[in-house]
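Student: Pasting a predicted model and its sequence here:
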Amino acid sequence: ELFSDVFHGKWKLVILWYLYKKGARFSELRKNIPSITDRMLSLQLKELEEMGFVKRMVTEGNPPKVSYELQAIA
């Protein structure tokens with residue numbers, strides 16, 4: 001059931017694959033997945049974060065830098 005929830009949709013697996021290699025900023029993910037829209041990438045990252053698969057990190061600055069990496073699952 002969890003597998004079905006996580007991989008429902010065509011983008012989550014692709015996003016997880018890029019984050020598996022190494023963490024990435026939003027713009028890097030967007031560049032590596034050119035056929036995804038900004039809105040869809042944002043929604044998918046938010047869902048993965050809510051499920052506990054992805055960790056969102058904000059680095060202070062002007063503008064702030066946001067990066068994503070896989071979250072260790074216990």
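Tutor: Everything's here; your move. All values reported here derive from a predicted model rather than from experimental measurement.
Student: most centrally placed residue in the chain?
Tutor: For the chain, the residue sitting closest to the mean C-alpha position, by CA atoms, centre = their mean, is residue 45 at 3.9 Å.
Student: list the contacts for that residue?
Tutor: Neighbouring residues of residue 45 by CB atoms under 8 Å, 6 or more residues apart in numbering: 15, 26, 29, 54, 56, 68. Where C-beta positions appear, they are placed from N, C-alpha and C, glycine not excepted.
Student: secondary structure class for it?
Tutor: Residue 45 carries the three-state label helix when classified by DSSP: H, G, I helix; E, B strand; the rest coil.
Student: got it, and residue 66?
Tutor: Classification of residue 66 by three-state DSSP places it in strand.
Student: Assumed residue 57 was part of a strand.
Tutor: Yes: under three-state DSSP, residue 57 falls within a strand.
Student: correct me, but it touches residue 71?
Tutor: No: shown here, residue 57 and residue 71 do not form a contact pair, counting by CB atoms under 8 Å, at 10.7 Å.
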